[in-house]
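Peer 1: Model the structure of this input:
(one chain, ligands or ions: 1)
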Amino acid sequence: MRRKLAAGNWKMNGLDENLQEIKTLSEVSNAHDCEVLICPPATLIHSMSRMSNDIAIGGQTCHANTSGAHTGDISAQMLADSGATYVILGHSERRADYNETDADVRAKTKTAWDAGLKVIVCIGESLGEREACNTIDIIGGQLSASVPDNATGENLVIAYEPVWAIGTGLTPTLDQIGEVHDFIRAQLERRFGAGVGRSVRILYGGSMNPKNAADIAQVSNVDGGLVGGASLKAADFSQIITALG
Ligand code: 13P
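Peer 2: Take a look at the predicted model:
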């Protein structure tokens with residue numbers, strides 16, 4: 001049985017004054033079986049990780065190298081040292097803003113695993129790719145090229161985030177979500193074997209909110225959500241945690 005994961009990606013939002021949201025989330029998290037993760041900006045990881053034992057904290061990216069002359073970058077070891085246990089890699093905003101490729105994501109994932117972090121690898125099609133009926137091909141290609149060998153149910157989470165659903169208020173139909181999640185599950189089982197393939201959690205991300213979370217959570221092979229805007233306020237994210245159970 002895979003434990004559901006409610007993951008909040010704060011993106012480039014959050015100041016010291018927003019740390020109080022964690023106190024509320026901590027109480028909600030205690031009342032549910034669902035694992036709760038917040039990925040704040042790097043500046044808040046250290047403080048946040050000391051506020052709650054019930055909520056896991058993660059980074060939003062890391063460098064593929066362990067250290068060195070990379071001004072402005074952050075290493076996986078630094079994230080772990082600050083109290084993070086997870087890192088999001090390959091988010092479509094990183095792929096678009098910094099030209100991150102599947103090969104980059106794969107290299108970063110290896111480095112993050114070496115630092116002991118669990119990795120959420122993000123994949124997803126653009127609107128043009130969906131309209132051209134290329135979704136499954138794109139997802140299959142990203143999945144095989146972004147995820148290194150040696151994946152386990154402990155060190156890997158996949159997030160299916162259709163690029164056109166992020167921050168737009170649009171979501172795929174439940175059938176469309178199910179089709180992609182079932183495909184990802186089948187690919188994981190084929191590559192890593194049934195044991196590992198069935199234990200990796202697959203999250204849905206893209207305009208998930210308190211209203212649609214319960215329906216999305218019922219879809220086959222949806223093991224939780226990667227939530228942007230609706231994770232910023234504990235009042236909203238709490239309802240998503242409750243919906244995920
Ligand atoms: P929204 O929930 O704001 O659409 O963002 C989703 C996302 O990109 C999470 O990583």
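
Peer 1: Tell me how many other residues surround the closest residue to the ligand within the chain.
Peer 2: The chain approaches the ligand most closely through residue 228 (2.3 Å), counting by CB to the nearest ligand atom. Quick note: C-beta positions are derived from backbone N, CA and C, even for glycine. Applying the criterion other CB atoms under 10 Å, we find 21 residues in the vicinity of residue 228.

Peer 1: Over to the closest residue in space to it that isn't next to it in sequence: give its phi and psi.
Peer 2: Nearest-residue entry for residue 228: residue 9, 5.3 Å, with adjacent residues in sequence omitted and distances by CB to CB, 6 or more residues apart in numbering. As for residue 9, its main-chain torsions (degrees, to the nearest 10) stand at phi -110, psi 110.

Peer 1: is residue 9 in a bridge, and if so with what?
Peer 2: Using DSSP bridges, the beta-bridge partners of residue 9 come out as residue 39.

Peer 1: Report pLDDT for it.
Peer 2: Residue 9 is assigned a pLDDT of 98 by the prediction.

Peer 1: Now do the helices in this structure.
Peer 2: Shown for the chain, the helices assigned by DSSP state H span residues 20-30, 42-49, 76-82, 92-97, 102-114, 127-131, 135-146, 174-199, 213-217, 234-244.

Peer 1: Relative to residue 67, which of those is closest?
Peer 2: Counting by CB to CB, residue 67 lies closest to helix 76-82 out of the helices of the chain; the figure is 7.5 Å.

Peer 1: Give me the angle between the helix or strand bottoming out on mean pLDDT in the chain and helix 234-244.
Peer 2: Lowest on mean pLDDT, DSSP states H and E among the helices and strands of the chain sits helix 20-30, with a mean of 90. Per axes from the mean of the first three to the mean of the last three CA atoms, to 10 degrees, the angle that helix 20-30 makes with helix 234-244 is 20 degrees.

Peer 1: which parts of the protein sit against the ligand?
Peer 2: Listed as neighbours of the ligand in the chain under the rule CB under 6 Å from any ligand atom: 9, 91, 161, 166-167, 205-208, 226-230.

Peer 1: Only the buried subset of these, as a ChimeraX command please.
Peer 2: Only the buried members of those enter the following ChimeraX selection, criterion being 16 or more other CB atoms under 10 Å:
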select :9,91,161,166,205,206,207,208,226,227,228,229,230
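
Peer 1: give the contact list for residue 8.
Peer 2: By CB atoms under 8 Å, 6 or more residues apart in numbering, the contact list for residue 8 reads 36, 37, 38, 39, 227, 228, 231, 232, 237.

Peer 1: try 7 Å this time
Peer 2: With contact set as CB atoms under 7 Å, 6 or more residues apart in numbering, residue 8 has these partners: 37, 38, 39, 227, 231, 237.

Peer 1: for the fifth one, what are its contacts?
Peer 2: Right, the one you point to is residue 231. 8, 9, 10, 38, 237.

Peer 1: Could you report the neighbour count for the residue nearest to residue 240 when sequence neighbours are not counted?
Peer 2: For residue 240, ignoring the flanking residues on the chain, the nearest one in space by CB to CB, 6+ apart is residue 213 at 4.4 Å. Residues near residue 213, counting by other CB under 10 Å, number 24.

Peer 1: What of the one 10 residues further on?
Peer 2: Taking other CB under 10 Å as the criterion, the count of residues near residue 223 is 21.

Peer 1: how near is the closest residue to it other than its chain neighbours to residue 163?
Peer 2: Counting by CB to CB, 6+ apart, the nearest residue to residue 223 once its immediate chain neighbours are dropped is residue 201, at 3.8 Å. Distance of residue 201 to residue 163, given as CB to CB, to the nearest Å: 21 Å.
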